[in-house]
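Student: got a sequence here, can you model it:
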Amino acid sequence: MGNHYIPNLAHKEEMLREIGFASSEELFSDVPQNVLRELSLPEGKSEYEVFLEMNSILEKNRTVLEMPTFLGAGTYFHYIPAHVKYLIERSEFLTAYTPYQPEISQGMLQALFEYQSLIGELVGLEVVNSSMYDWGSALGEAARMAARYTKKNRFIVPKALSPERKMTLETYVEGAGIEIEYIPWRENGQIDVERLKESVEGAAGVYVEMPNFFGLIEEEVKAIGEVAHDAKALFVVGADPTSLGILEAPGNYGADIVIGEAAFFGNPMNFGGPRAGFFAVRNDRKLIRQMPGRIIGMTKDKEGRRAFVMALQTREQHIRRAKATSNICSNEALVAVAAAIHIASLGPKGLRELGEVILKNTAYFKKRIGEVGKLLFDGINFKDVPVSFDIPYDVIHERLLERNIHGGYYLGKHFPELGESALFAVTETTRKEWIDALVSALREIINEAEL
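Tutor: Alright, predicted model coming up:
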């Protein structure tokens, strides 16, 4: 049966003759027979029939608009202004690829330049690329970059790290021969600075997150930076950009590299993707030359008019070849543009208010959840809050779903020392009545389990 989306099928026989084959079977005759399978495909359906079937499948899903949701751990329900989606659906953004030809890509190049500028202001560093796959890939690239820059092969990270970021990091460094050392947390859930001091000698970089995976604001983050620099290591900070309206920019307390997730702005959760990791460095020529990805720069054309170009391209497909610092193949341009539109729409005042609302909601959540569970750590939390229970969390989670509430992220699988605990998350979208309903449901579930 022909396929109008693949026009060359009409020339199938002509193509086979040209390459010297009588049939498709002869063309693929070198494929072992034992791996061939006859596909038992059903008869085709009309577009409307397919629409109805797909709709019935999609109806099985429950969205954050249909139930209170407290699942976070790196994917959060943030409100996205309506105009963000409208603007990124413009054809010049929606279908744009890497802007190799600046003469026909000025709009996208300028949008990415603005993205870089906005991220640079947020994190307090001068140079930003445009952009990485996600936060995890940005962390992997930061570790490799630190090793290239310092000529050392050990990278230090906190044990309190997202399991997804941990797996990505370990994958990125394996081929480069970089050793990852994990520093445990203290009783307050924050990185053990004394253990760090014992381990930092000979390290290429020290990584810390603000807030950390447990949602805690690291109180000694400046001291951690000093420990790294005293050992001639790069200080790498992973930052949640939605917190930077109220927390100090990492560049202001000595970060050499700042990474994070730009998709928290302007992009829905989408089952976890796509994302756009941001990657920023201080204004150091040697450091900039080791950056992965590409940088959009502003210049002038031969007639003196403002123009935007790809100023630095470090991937291997073109330009740098064997000297490439990264093989990242996509700059997640549309995700980055959506983030830029959202950040620009909020402005400094809006960013501060966003952070304040999330902080206030987190504080209220901690106050109420402490009535039915145990808060694992003292300190100031932003978004994420780890809570432990006296009964298995999988039971709690299932009972919450029965009550149309989505609970937190189970921590026991990756952090067994934390017991039956879960990481609950709130954002600016979390309603007070949702938190109250969660606490009420948990109280019922715990009481039923004790009977």
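Student: pretty sure residue 346 contacts residue 355?
Tutor: No. Applying CB atoms under 8 Å as the test, residue 346 and residue 355 come out as separate, 10.2 Å apart. Just so you know, the C-beta spots here come from the backbone N, C-alpha and C atoms, and that holds for glycine as well.
Student: which residues do the two both contact?
Tutor: residue 245 (CB atoms under 8 Å, 6 or more residues apart in numbering).
Student: care to break the protein down by domain?
Tutor: 82-343, 348-450 (automatic domain parsing).
Student: ranking those domains by burial, who's on top?
Tutor: domain 82-343 (a mean of 20; mean count of other CB atoms under 10 Å).
Student: after the lowest-mean-pLDDT helix or strand in the chain comes which helix or strand?
Tutor: Ranked by mean pLDDT, DSSP states H and E, the weakest helix or strand in the chain is helix 91-94, scoring a mean of 79. Next helix or strand after helix 91-94 toward the C-terminus (DSSP states H and E): helix 106-123.
Student: so whichever helix in the chain runs longest versus helix 106-123, what angle?
Tutor: Using DSSP state H, we find that the single longest helix of the chain is helix 333-369. Angle of helix 333-369 versus helix 106-123, following axes from the mean of the first three to the mean of the last three CA atoms, to 10 degrees, is 30 degrees.
Student: who does helix 333-369 touch, helix- and strand-wise?
Tutor: Packing contacts for helix 333-369, counted by 3 or more CB pairs under 8 Å, 6 or more residues apart in numbering; DSSP states H and E, involve helix 82-88, helix 91-94, helix 106-123, strand 384-388, helix 432-450.
Student: any chance of these in CSV, plus distance to residue 284?
Tutor: Output for these, formatted as CSV (distance: least, CB to CB, whole Å):
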stretch, distance to residue 284
helix 82-88, 33
helix 91-94, 32
helix 106-123, 14
strand 384-388, 33
helix 432-450, 45
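Student: on that earlier part again, C-alpha coordinates for the least confident helix or strand of the chain, CSV please?
Tutor: Below are the C-alpha coordinates for helix 91-94, written out as CSV (Å, rounded to 0.1, in the frame of the first residue of the first chain):
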residue,chain,number,x,y,z
SER,A,91,6.1,29.2,12.5
GLU,A,92,9.5,30.9,12.7
PHE,A,93,10.0,29.4,16.2
LEU,A,94,8.1,26.1,16.0
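Student: before we move on, back to that, can you say which of the domains of the chain is nearest to residue 37?
Tutor: domain 82-343 (29.1 Å; CB to CB).
Student: so which strand or helix has the spatially closest residue to residue 110 that is not a sequence neighbour?
Tutor: Closest residue to residue 110 apart from its sequence neighbours, by CB to CB, 6 or more residues apart in numbering: residue 308 at 5.1 Å. Using DSSP H and E, residue 308 maps to strand 306-313.
Student: return the distance of that strand from the chain's centre.
Tutor: 26 Å (CA atoms, centre = their mean, to the nearest Å).
Student: packing partners for it?
Tutor: Secondary elements touching strand 306-313 (3+ CB pairs under 8 Å, 6+ apart): helix 106-123, strand 294-300.
Student: compare those and give me the one nearest residue 421.
Tutor: helix 106-123 (31.0 Å).
Student: pairing partners for the helix or strand following that closest one, with directions?
Tutor: Using DSSP H and E, the helix or strand that follows helix 106-123 in sequence is strand 127-128. With DSSP bridges as the test, strand 127-128 is paired with strand 277-281 (antiparallel).
Student: now do the strand holding residue 308: everything it contacts.
Tutor: 99-100, 102, 106, 109-110, 113, 288-289, 291, 294-301, 319-320.
Student: same deal with stretch 184-193?
Tutor: Residues contacting stretch 184-193 (CB under 8 Å, 6+ apart): 158-160, 183, 195, 208, 212, 214, 216, 218-220, 223-224, 227, 376-379, 386.
Student: show me what the mean pLDDT comes to for that stretch.
Tutor: Mean per-residue pLDDT for stretch 184-193: 96.
Student: can you check stretch 57-76 too?
Tutor: 92.
Student: show me the contact partners of that stretch.
Tutor: 77, 135, 162, 164-165, 213, 242, 261, 264, 269, 272, 383-384, 404-409, 423-427, 429-431, 434, 437-438.
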